[in-house]
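Engineer: The following comprises the amino acid sequence and a computationally predicted model.
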Amino acid sequence: MLSPRLSECTECSSISQLLDIIDCKLTELAKNEYNNIIFSLNLPIQSETFGDLLNYKRILTNKLCNYDYACAFSLSAIASRVKVLTGGLTNCCVRKKAKPSHYIPIVPTTTTTSSSTTSTSTTSTSTTTTTTTLSPDQLCVVDWSKSNLSVTTYANGDPIPEVTNTVAWANLTTGAWCYYNNDPANEPIYGRLYNWYAVNDVRGLAPSGYRVSTSTDWTTLKDCVDNSAAKLKSVTGWAAGTAPTGTNTTGFTALPGGLRSGIGLFTSVGGNGYWWNSDTVSGNSMGVNFNGINSPSSVSNGGFSVRIVLI
């Protein structure tokens, strides 16, 4: 039973912080176990640590919520032990963060209803037409980044190499990035291009708190905009003749950043935009071009843009 002592508890902020740190470590260990199974890795599981942290979480939760709860461990002793078990973590944002300004929810239009009534001296007819769309709390709401990803390190801080040489790019079997046409002037507009190995690297391409978009995200987005490329495309920046003309009613601002082919050549800037999916199968990508929204063929050492979403 929750206690009213929360409003007068002097140690509750410390307990809440410890619970956050514990949750952070538990999440890390759980992800390691998942990645070991899916990717045949050998990341540390630490079953004893997992069990001890769960026990301390139970104790701290009881301390936080119950007037009468008592145990043999002092708060300082628990804090000291948690510090050892978590490798010295001091804080961790486990709970969902506030949406930053550079993210937008992609939502469908609101439901609209129209009606008309026709009457004569003997009959009366009423017709109601309703256009039903998904409500904002359904799958259409995904917090997409407004611009393409442009990072040079993995989530753990390890550097991602820039590869400019054509032959070297074609022979890559590890993660890399480049500017379109190897020109840094393109970065503020289109971001960076990444190969599949960078997207699929277990260290994570997206910054902490975000993830690379999935094929499900793109399918949902296509459904939400009725497969209309115009609603996703920026109003300017596309070459003349690349119909449909962008309206950008979603705020997605898809730009034609082009691609780098598997043999290291650059093409399609101004006319097409391509983005990787994070699905663990090489060759997953999406494109927005003059034909609409589609799934172009791709290879692991091709260079595409990346969009990330808020977790």
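Structural biologist: Thanks, I have the structure now.

Engineer: What mean pLDDT does whichever strand or helix holds residue 309 get?
Structural biologist: Using DSSP states H and E, residue 309 sits in strand 308-310. For strand 308-310, mean pLDDT rounds to 90.

Engineer: mind starting the numbering at 296 from now?
Structural biologist: Okay, using 296 as the starting number, the last item reads as strand 603-605.

Engineer: For it, which helices and strands make contact with it?
Structural biologist: When contacts are defined as 3 or more Cβ pairs under 8 Å, 6 or more residues apart in numbering; DSSP states H and E, strand 603-605 sits against strand 438-440, strand 505-507. Where you see a C-beta, it was placed from the backbone N, CA and C, and this is true even at glycine.

Engineer: can you put those in JSON lines and add distance to residue 606?
Structural biologist: Converted to JSON lines, these look like this (distance: least, Cβ to Cβ, whole Å):
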{"stretch": "strand 438-440", "distance to residue 606": "9"}
{"stretch": "strand 505-507", "distance to residue 606": "6"}
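
Engineer: Indicate which one of the ones you listed is closest to residue 313.
Structural biologist: When the helices and strands packed on strand 603-605 are compared by Cβ to Cβ, strand 505-507 sits nearest residue 313, at 25.7 Å.

Engineer: Give me the contacts around the closest one.
Structural biologist: Contacts with strand 505-507, where a contact means Cβ atoms under 8 Å, 6 or more residues apart in numbering, come from 440, 444, 494, 500-501, 571-573, 601-606.

Engineer: Can you turn the buried part of the residues you listed into a PyMOL selection?
Structural biologist: Buried subset of the contacts of strand 505-507, written as a PyMOL selection, criterion 16 or more other Cβ atoms under 10 Å:
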select buried, resi 440+444+494+500+501+571+572+573+601+602+603+604+605
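
Engineer: So which residues of this structure form strands?
Structural biologist: Counting by DSSP state E, one finds strands in the chain at the ranges 398-400, 407-414, 419-426, 438-440, 472-473, 488-489, 505-507, 554-555, 561-562, 568-571, 580-584, 587-589, 603-605.

Engineer: pLDDT below threshold where in this structure?
Structural biologist: Within the chain, the ranges that satisfy pLDDT under 70 run 296-308, 326-342, 358-368, 383-436, 575-579, 583-587, 592.
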